[in-house]
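Peer 1: Fold the following and give me the result.
(one chain, ligands or ions: 1)
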Amino acid sequence: MSYIALSMVPLLIFNMTIMSFIQEYFINQEIDELRVNAYRMSDVVTGSTFEQLQDPWALNRLRNSVDQHSGLWDVRIIVIDNNARVIADSNHHVLDSLVGQTLLQTRVLNALNGQNSNLLYRGEEYVLYRTTSIRDANGQIGAVMLVTDVSDVFDSIASIRTRLYLYSLAVGLLVVVLVFLTSHRLIAPLRQIVRVVQRMSIGQLNQRIPINSRDEYSILARTFNNMTEKLEQVEKTREEFVSNVSHELKTPLTAIKVLSESILGQENVPEEVSREFMQDISSEVDRMVNITNDLLALVKVDQREQSLNIDTLDLNQMVEDILKRLSPLAEKKKVILIYDEARKVRMEADEIKLALAISNIVENGIKYTPRGGTVKVAIDSDHQNAYITIQDTGMGIPEDEQDKIFNRFYRVDKTRDRDTGGTGLGLAISRSTILLHNGSIRISSRSGEGSMFIIKIPMRY
Ligand code: ADP
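Peer 2: Residues are numbered from 1 along each chain as shown. Next up is the predicted model:
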């Protein structure tokens, strides 16, 4: 409907404008012709006395002398004296003749006052009046009025109008047909998109819009397909995450169940056995507490809207504190901690979150480095970024595992790493925190030779 309205409205406006131009043009032409003739007529009349004009044929003779080709034959000529009394009328049939009558019409009086005028009168027919004053050497002596029927002009205008509207109607019908034919083609891809969106809204996320054109629809379809792919990924990650969490919590729960049932199932359990089992239960509970704490920390950094608590901090001091806190663990594992500060760095960051992120990585270095190894933490900066490098001489990470270790619950060696007490969430928390600070983290590692984690964070948040 909009397309039809859009094409028909200008057409209608165009028709109306054209018609009014045509009408104006024809009428003006008639008026011009009549005006010229009226001047000529008034000149001729000036040369004769009113007495001479009283003869009924006198006007027709005068008309012949004006111009045979000027179309005056269709024109009624009326001559009026200064008192608005009709002296002569070319319509000399006794019944119609106005001779002897006084014409008190505005246009006549105006002409007698020296103002010539035109008037288009619309009665049963269209009649055009032209009134012009007659002057001789002594001044105004009367007026001549030319009256002509212009109905035929209006008839031809009407026939042009009918033809124009018929053409417009034909064009309109053509537009309607074309719109019906093309709108289906235009709307078909939209319908397809709507169908896909409807199926997605009831949970079928594997929907894709087929792309078979190179227009705006295909851009929309491509963007939409990208979005659905991301949605699917998010959904997959969410499912994996839930199943991982359940799995991680199920292991200690099963252990607790087995341990407690074995105490309950036996009578007279020796004190030291039940104590040992209780200790195992306690350490499984610790493990669950660790997992929940890490999960909570992860949820916190994942909630992007929760703004960071940004403040200026002394990075060197912060790293020294972390190393101090981890030194008992390092001593226990006989791993040497080395601190190397190339320069003092002050930067804008959330101290608590960043300290946890760095501490996780240093702790990993200690955990995954055998006795006698070293973990070196270095601080450096350029004019824009702070760099924190954590390098160990531990077991390293195989190349194909390097981009996976940041995934939640991902462990390189499932059984061994669980024994070390890790939850598999540490690196996920660290990376999310660093990304929140607009930074990046990179690994360089070789199996058996050690690993190096390079953190880069802009000093101005
Ligand atoms: P976890 O709590 O198990 O340490 P992380 O997310 O911190 O979990 O680390 C994920 C996995 O990446 C670890 O289980 C371990 O297999 C591997 N990893 C992390 N840091 C190191 C390291 N410095 N050297 C060797 N392997 C590492």
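Peer 1: So which residues of this protein form helices?
Peer 2: Secondary structure of the chain (DSSP state H): helices located at 2-46, 50-53, 58-66, 106-112, 151-201, 216-265, 271-302, 315-333, 351-367, 414-419, 426-436.
Peer 1: Kindly reformat the ones you listed as JSON lines containing distance to Asp81 and mean neighbour count.
Peer 2: Where you see a C-beta, it was placed from the backbone N, CA and C, and this is true even at glycine. Below are the helices of the chain laid out as JSON lines (distance: least, CB to CB, whole Å; neighbours: other CB atoms under 10 Å):
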{"stretch": "helix 2-46", "distance to Asp81": "11", "mean neighbour count": "15"}
{"stretch": "helix 50-53", "distance to Asp81": "6", "mean neighbour count": "14"}
{"stretch": "helix 58-66", "distance to Asp81": "14", "mean neighbour count": "17"}
{"stretch": "helix 106-112", "distance to Asp81": "9", "mean neighbour count": "18"}
{"stretch": "helix 151-201", "distance to Asp81": "30", "mean neighbour count": "13"}
{"stretch": "helix 216-265", "distance to Asp81": "80", "mean neighbour count": "13"}
{"stretch": "helix 271-302", "distance to Asp81": "107", "mean neighbour count": "14"}
{"stretch": "helix 315-333", "distance to Asp81": "117", "mean neighbour count": "16"}
{"stretch": "helix 351-367", "distance to Asp81": "112", "mean neighbour count": "21"}
{"stretch": "helix 414-419", "distance to Asp81": "128", "mean neighbour count": "12"}
{"stretch": "helix 426-436", "distance to Asp81": "106", "mean neighbour count": "22"}
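Peer 1: which stretch among the ones you listed comes nearest Ala84?
Peer 2: Ala84 lies closest, by CB to CB, to one member of the helices of the chain: helix 106-112, at 5.5 Å.
Peer 1: Pipe the helices of the chain into TSV and attach distance to the ligand and mean pLDDT per row.
Peer 2: Output for those, formatted as TSV (distance: least, CB to the nearest ligand atom, whole Å; pLDDT from 0 to 100):
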stretch	distance to the ligand	mean pLDDT
helix 2-46	58	86
helix 50-53	123	78
helix 58-66	114	77
helix 106-112	104	85
helix 151-201	33	88
helix 216-265	11	89
helix 271-302	8	89
helix 315-333	13	96
helix 351-367	3	94
helix 414-419	4	59
helix 426-436	3	92
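Peer 1: Please tabulate these in TSV, including the columns distance to Ser444.
Peer 2: Shown next, in TSV, are the helices of the chain (distance: least, CB to CB, whole Å):
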stretch	distance to Ser444
helix 2-46	61
helix 50-53	122
helix 58-66	112
helix 106-112	106
helix 151-201	41
helix 216-265	26
helix 271-302	24
helix 315-333	20
helix 351-367	13
helix 414-419	20
helix 426-436	15
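Peer 1: ok, the closest residue to the ligand within the chain - how many residues close by?
Peer 2: Closest residue of the chain to the ligand, CB to the nearest ligand atom: Gly422 (2.3 Å). Residue crowding around Gly422 was assessed by other CB atoms under 10 Å; the count is 21.
Peer 1: quick revisit: out of the helices of the chain, nearest to Lys404?
Peer 2: Set against Lys404 and scored by CB to CB, the helices of the chain come closest in helix 426-436, at 9.9 Å.
Peer 1: And that closest one, how far out from the chain middle?
Peer 2: Centre-to-centre, helix 426-436 and its host chain are 35 Å apart (CA atoms, centre = their mean, to the nearest Å).
Peer 1: And stretch 425-441, by the same measure?
Peer 2: That offset, for stretch 425-441, works out to 34 Å (CA atoms, centre = their mean).
Peer 1: circling back to that earlier point, how near is the residue of the chain closest to the ligand to Lys404?
Peer 2: Per CB to CB, to the nearest Å, Gly422 is found 15 Å from Lys404.
Peer 1: The residue located most distally from the centre of the chain and Val79: what is the separation?
Peer 2: What lies farthest from the middle of the chain is Glu51; by CA atoms, centre = their mean that is 85.8 Å. Distance, Glu51 to Val79, using CB to CB: 12 Å.
Peer 1: And Arg122, by the same measure?
Peer 2: 25 Å.
Peer 1: So if I had to pick from the two, which one is more boxed in?
Peer 2: Val79 (27 against 10).
Peer 1: pLDDT at the nearest residue to Asn385 once chain neighbours are set aside, what is it?
Peer 2: Take Asn385 and drop its neighbours on the chain: the residue closest to it by CB to CB, 6 or more residues apart in numbering is Lys456, 5.0 Å away. What the model reports for Lys456 is a pLDDT of 97.
Peer 1: residues in contact with Lys456?
Peer 2: Taking CB atoms under 8 Å, 6 or more residues apart in numbering, we find Lys456 in contact with Asn385, Ala386, Tyr387, Gly439, Ser440, Ile441, Arg442.
Peer 1: what's the answer for Glu235, then?
Peer 2: Contacts of Glu235 (CB under 8 Å, 6+ apart): Leu205.
Peer 1: quick one: it and Asn206, what's the gap?
Peer 2: Glu235 is 10 Å from Asn206, by CB to CB.
Peer 1: next one: Phe453
Peer 2: Taken as CB to CB, the span from Phe453 to Asn206 is 37 Å.
Peer 1: Looking at those two, which has the bigger crowd around it?
Peer 2: When Phe453 and Asn206 are compared for neighbours, Phe453 comes out ahead with 24 against 9, by other CB under 10 Å.
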